[in-house]
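Chemist: Dropping a prediction and its sequence here:
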There are 2 protein chains.
Amino acid sequence: MSGASLLTLRSAPVALGPRRAEVTLSHGTVQTPVFMPVGTQATVKTLSAGDVERLGFEIILANTYHLLLRPGLETLERAGGLHRFMGWPRNILTDSGGYQVFSLASRRDVSEEGVRFSSHVDGTMHLLTPESVTQTQIRMGVDIAMCLDECPPYPVSESVARDMMERTLRWAQRCRESWRKTEGTATRLFVIVQGSTYPALRKECAERMVEMDFPGYAIGGLSVGEPKEIMQEMLEVVTPLLPVDRPRYLMGIGKPEDILEAVDRGVDMVDCVLPTRNARNGQALTFDGPLNLRNSSCRADFTPIDSDCRCEACGKYTRAYLSHLFRSGEYLGPRLVTLHNLSFMVEFLRQIRTAIENGEWTTFKKRFLERYTA
Amino acid sequence: MSGASLLTLRSAPVALGPRRAEVTLSHGTVQTPVFMPVGTQATVKTLSAGDVERLGFEIILANTYHLLLRPGLETLERAGGLHRFMGWPRNILTDSGGYQVFSLASRRDVSEEGVRFSSHVDGTMHLLTPESVTQTQIRMGVDIAMCLDECPPYPVSESVARDMMERTLRWAQRCRESWRKTEGTATRLFVIVQGSTYPALRKECAERMVEMDFPGYAIGGLSVGEPKEIMQEMLEVVTPLLPVDRPRYLMGIGKPEDILEAVDRGVDMVDCVLPTRNARNGQALTFDGPLNLRNSSCRADFTPIDSDCRCEACGKYTRAYLSHLFRSGEYLGPRLVTLHNLSFMVEFLRQIRTAIENGEWTTFKKRFLERYTA
C-alpha cells in the first residue's frame, strides 16, 4: 500500500496527453506540470532559499549523494532536517544518489547489496544500499525520496539493459520494504522506470513497478545522449501504463522544447540543472530563444533581457551591464541571470498549465515553439 | 573657488576629535562618519545595487582604472552615466585609478605628464593624466571624483616622499583646473594629502592643498604597512589643518578598530574592501570580534552569526549552513556573509554617529573595543 493518492487531476483524464494536476505533499501543494530547480548541495546555486521562495517555486531538488558527503546526515538531523538546515519551507525531492555515484565517485563497485564508492570530496569509502538510501532520505525529512536504481549508459545492449532493469526492480522492492516499515514518515517514495531505449523493457519495467504500487513514478535513463525521437517514443510507451492518479516525473529534462514534448506525453514533473548552469555561463532564457550575454552584440545593448519579465535582473539591469559582469568575472552576473532564468521557467510553466486548463494546449505549444525557435 | 561647502556639522566643532556631520551631494545626503563599500567593477562583489540600497548605504566607491578598461568610458556614457549603468540611485565616489595603475598594471611609466600603463586585462596601452582622470570621472557622472596622485610605497625615504608629494601637488593643481573649467558639473573634486610617514611633509602637503581650496580632502598613502601609531600620528598632524566645513576622507581603512581611531581624529569618511573581501573568505564581522565560518566549531553550530543582526543571513541561516556553503564552494556563502558584514558596518557606523551626537563617544569606543577584542 502506498497510501492515499498524492495527485488530483484538474483536467480531463486522457490516455496519452497533457494533464493539469495538483500534487499534495507535506510542505504544501504543487501545481503541475512543474519544473523543479536543482539545489544539489542544499542551495540552488547563487540563490538563497528565500530567493527561490520569492520566485514562486513550490518544490526543489537536492541530492542525497552530495549531502551525505557534505554536511553529512548527522548534521542534517541535528539541524532538524534538510528543510530547516537550508531554510526552505516548501517541498524537497531528493535524488537517490545512484546517478552521482556513477558520474562522480572516483571508484565504485556495484553488487547486489548496493554500491560501494570512494567520495570525490575526501576519498573516504561509502556504501549505498537500497535500504540505506531510503532511510537516509527519510531521516533528512524530504517530501519525495527516490529509489536507488541502476541507470544504464547510452548506448547499451539489450541484455545489459535488462540486467540493470532487473536489478533496479529488485532494489525498488527493497527500497519499498524499507520505506513501508518506517512508521509515520511523511516522505513519499517514487520508483524509477528504466529499460534504456528498448520499448519492451520499458513496458515490462513500468508494468512490474505499477504492480508494486508506489506513490509516484519517475522515468529515468533518458536525456543521456539518445535522439529526441527515442525519448519521446519511450514516454509514449511508459506513461499510458502508469496509474492516472500518481505523479509522473521525467528526470533531467529542462530545455523548454523538451519540456513541451514531455508534457505533451503526460509528464507532470521535470527537473534539470540547465536553466541554472547555463545562467552561470551567461545564457539567458527568453521567449524568443536563448540569449548569450557574452555576445558582443550585448556590450552596448541598454535594454533588459526581456522587458516583459518581472525578475530583479530585468527590472533594473541592462544586457550591457550583465555583459560587463560576465566579462569582468563578477559573482553578480551568474546570480542575476539565475534569477532571470528561473523566473522564466516559473512563467513558462504557468503558461503551460493555463493552456491545458483552457483547452488551448496545441495552439500554445505551436506558438511557443514558433517564437522560441524563430 | 570650490563652491558651497558640502558639509554641515551636526556636532560642536573641535580642533581634533570625532565629528558628526552631513555631506550633501547630488544623489542625496550622506550621514557621517560613514563607511563606503567598494564596488570596484560597478558591483559591490556578490551584490546588486538593489541589495546595497536595501542595506541602507548612501554612497559607494567605484574604480576609474577598472571601469576605463571594462566596460570603457564610451559604454558608460551611452548608458547615461555610471549610476544608470549599474542601477544605483545614490552617491558614487571614484578612485582616480592611480593606485591601481601602480598595483595592477603590468607595465607603467610615470612622467610629469601622467602615467602610461599596460592594461592587466588585455595588454592595451593607456595614458592617465591629471586632466584625463578628472574628465573621465566627470563624464561618468560620479558625485565625488579624486585627483590623480602618486602614492609612495612604505617604507620610503623622505626625499622620494617629498618628490612624490610635489608631483601630487602639481597634479592636484592640474586636476583642479580641468575640473573648474567644466561648467555645470555636479561632480565634486577631492584632493589627496600625501607625505608618507613624515609629519613635516604631511603638514606642508595639507597646508598647500587647503590653500588651493578643494570641496573635500582625502588622506592617502596610509594603511600600506606602517605601524598603527604612525597612521594615527599622521591623522593628528593633518586633520587639524583641514577646513572644518569640508569632508575628510581616510582612504583604505575598514577594520572596526581602525575606523574608531580615525573617527577619534576627525575623519568623516572611510572605505575599504576588507568587510567584503573577508566575507568571501568566510570571515564574518560581529560585535564580539571576527568569526571564521570555516572553523570546525561552526560545522554543527545551529545559531546565526549574530542573533541581534537583521540581515538575511542572520534572519534565516545558521553558522552550520554557512559553514557548509563555504566548504562546498557554493556562491551563496560569499553572498550571505557579504550581506551580513555590510549590515554590520551600517549598524556599527550608526552606533558611532549616535554616540557622537549623544556625547558618549569615549564610553562607546571603550565598550566597543572591550567586547570586540575580548
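Modeler: Looks like it arrived, so ask away.
Chemist: tell me which parts of chain A are close to chain B?
Modeler: Within chain A, the positions adjacent to chain B are A:41-43, A:45-50, A:66, A:70-71, A:75, A:78-79, A:85-87, A:299-300, A:302, A:312, A:316-318, A:320-321, A:323-325, A:327-328, A:330-332, A:334-336 by C-beta under 8 Å from any C-beta of the partner chain. For every residue, glycine as well, the C-beta is placed using N, CA and C.
Chemist: What subset of those is buried?
Modeler: For those, a burial check counting by 16 or more other C-beta atoms under 10 Å in any protein chain shown picks out A:41-43, A:45-49, A:66, A:70-71, A:75, A:79, A:85-87, A:299-300, A:312, A:316-318, A:320-321, A:323-325, A:327-328, A:330-332, A:334-336.
Chemist: any idea how far the helix or strand of chain A with the lowest mean pLDDT is from the chain center?
Modeler: Every helix and strand of chain A was ranked by mean pLDDT, DSSP states H and E. The lowest is helix A:98-104, at a mean of 81. Here helix A:98-104 is found 15 Å from its chain centre; the criterion is C-alpha atoms, centre = their mean, to the nearest Å.
Chemist: what's the answer for stretch A:167-182, then?
Modeler: In terms of C-alpha atoms, centre = their mean, the centre of stretch A:167-182 is found 21 Å from the chain centre.
Chemist: now do stretch A:356-374
Modeler: 23 Å.
Chemist: List the contacts of it.
Modeler: A:10-11, A:17-20, A:33, A:256-257, A:260, A:263-264, A:287-289, A:351-352, A:354-355 (C-beta atoms under 8 Å, 6 or more residues apart in numbering or on different chains).
Chemist: show me where the stretch 151-300 of chain A has helices.
Modeler: Taking DSSP state H, counting those that start in this stretch, the helices of the stretch 151-300 of chain A run over residues A:158-180, A:199-212, A:228-238, A:256-264, A:274-280.
Chemist: List of residues touching the second one?
Modeler: Same thing as helix A:199-212. Residues outside helix A:199-212 that contact it (C-beta under 8 Å, 6+ apart): A:158, A:161-162, A:165, A:168-169, A:172-173, A:176, A:191, A:193-195, A:217, A:233-234, A:237-238, A:241-243.
Chemist: Mark which of the contacts of stretch A:356-374 are part of strands, please.
Modeler: Among the contacts of stretch A:356-374, DSSP state E puts none in strands.
Chemist: Produce a ChimeraX select command limited to the buried residues of those.
Modeler: Filtering those down to the buried ones (16+ other C-beta under 10 Å) takes a single ChimeraX command:
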select /A:11,17,18,19,20,33,256,260,263,264,287,352,355
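Chemist: Where do the strands of the stretch 1-150 of chain A begin and end?
Modeler: All strands of the stretch 1-150 of chain A, identified by DSSP state E, counting those that start in this stretch, fall at A:7-9, A:21-25, A:28-32, A:34-36, A:59-63, A:91-95, A:108-110, A:115-118, A:125-128, A:144-146.
Chemist: tell me what the fourth one is packed against?
Modeler: If I follow you right, that is strand A:34-36. In this structure, strand A:34-36 packs against strand A:59-63, strand A:269-271, helix A:332-357, with contacts taken as 3 or more C-beta pairs under 8 Å, 6 or more residues apart in numbering or on different chains; DSSP states H and E.
Chemist: Could you look over those and pick the most buried one?
Modeler: Mean neighbour count (mean count of other C-beta atoms under 10 Å in any protein chain shown) peaks for strand A:269-271 among the helices and strands packed on strand A:34-36, with a mean of 24.
Chemist: In its sheet, which strands sit next to that one, and in what direction?
Modeler: Strand pairing for strand A:269-271, determined by DSSP bridges: strand A:34-36 (parallel), strand A:248-250 (parallel).
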